[in-house]
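Undergrad: next input, structure requested:
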Amino acid sequence: MASSSIDNYLRTYRKRSGLTQSEVAFLLGCKDAGQVSRYERHHRLPTLHTALACASILRVPLTTLFAGIQEQVNRETARRIARLRLDLENKHILGRHSKRTKTLRWLIQFGGRGENTNNDQE
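TA: Here you go, the predicted structure:
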């Protein structure tokens, strides 16, 4: 996964907390520390449930804990939003816009940035 940041900071925050991989595995309900190790070494992506549990256990926002993945998702989403906006604008120009005007307005307002503007995560 190519990104300018580390994909996740599980190991960093686990170490700061003083917890061992075995302890985190227990708190996550995993059989052993191997699963936690695979998450930390980027060999496996945790499920959403497990990622949320990690954030809860380590008391770190999900977007901070998985910053590199968040950056990648933001880039991918921004590209798709730009493509959708272009497609809808072309349809609008051709006069086939009756049902998609609201979507097009949202895309124009959003600006195709794909940024995470949700600041209420803690």
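
Undergrad: can you pull the pLDDT of the nearest residue in space to Leu10 that is not next to it in sequence?
TA: Spatially, and ignoring its direct neighbours in sequence, Leu10 is nearest to Glu40 (4.7 Å; C-beta to C-beta, 6 or more residues apart in numbering). (C-beta placed from N, C-alpha, C; glycine too.) On pLDDT, Glu40 comes in at 96.

Undergrad: can you give me the helices for this structure?
TA: For the chain, the helices defined by DSSP state H occupy 10-17, 21-28, 33-40, 48-58, 62-65, 67-93, 101-110.

Undergrad: the lowest-mean-pLDDT helix or strand in the chain packs against which elements?
TA: Ranked by mean pLDDT, DSSP states H and E, the weakest helix or strand in the chain is helix 101-110, scoring a mean of 76. Here helix 101-110 touches helix 67-93, going by 3 or more C-beta pairs under 8 Å, 6 or more residues apart in numbering; DSSP states H and E.
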